[in-house]
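[1] Take a look and give me a structure for this.
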Amino acid sequence: MPGGGDAYVDQEGVPFDPDTTVTRTQPPPVRVLCAVEYFDANGIPTNFGEITPSRAVITLLDEEYKRVKDCIAVILKGERFVYKHTEFPSGLFDVGLYTLHFTAEDES
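    Now for the predicted structure:
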């Protein structure tokens, strides 16, 4: 099998072999210096839920970005925000700025 004998898995990492188990690991939390902008939900409630969920925009310097670039979520004051996208980096000379966008997990 590909990958040095590992079982075949589907797109979500679930093995096709019923005798194989999935082991998920979670890396330890990382704290970095950053600027945080919080935008409260300001959409109109509908039968389908909140149109515009609460969101957070986090701006980091390039050194801190290297430590968190593969993140999938961030916890702010106990609320979990899910990663959506990163803007194209900006900066001047040898200092880079990265802006990451997140939406509230329970509202997205």
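[2] how far is the longest helix belonging to the chain from where the chain is centred?
    For the chain, the helix with the greatest residue count under DSSP state H is helix 62-68. In this view, helix 62-68 has its centroid 14 Å away from the chain centroid, taken as CA atoms, centre = their mean, to the nearest Å.
[3] and whichever helix or strand comes after it, average pLDDT?
    From helix 62-68 onward toward the C-terminus, using DSSP states H and E, the following helix or strand is strand 73-76. Across strand 73-76, pLDDT averages out at 92.
[4] Each with direction, which strands does strand 73-76 pair with?
    Take DSSP bridges as the rule and strand 73-76 pairs in its sheet with strand 79-86 (antiparallel).
[5] And for the strand it pairs with, what's in contact with it?
    Contacts with strand 79-86, where a contact means CB atoms under 8 Å, 6 or more residues apart in numbering, come from 54-56, 69, 71-75, 98-106, 108. The way it works is simple: take the backbone N, C-alpha and C, and place the C-beta from them, glycine included.
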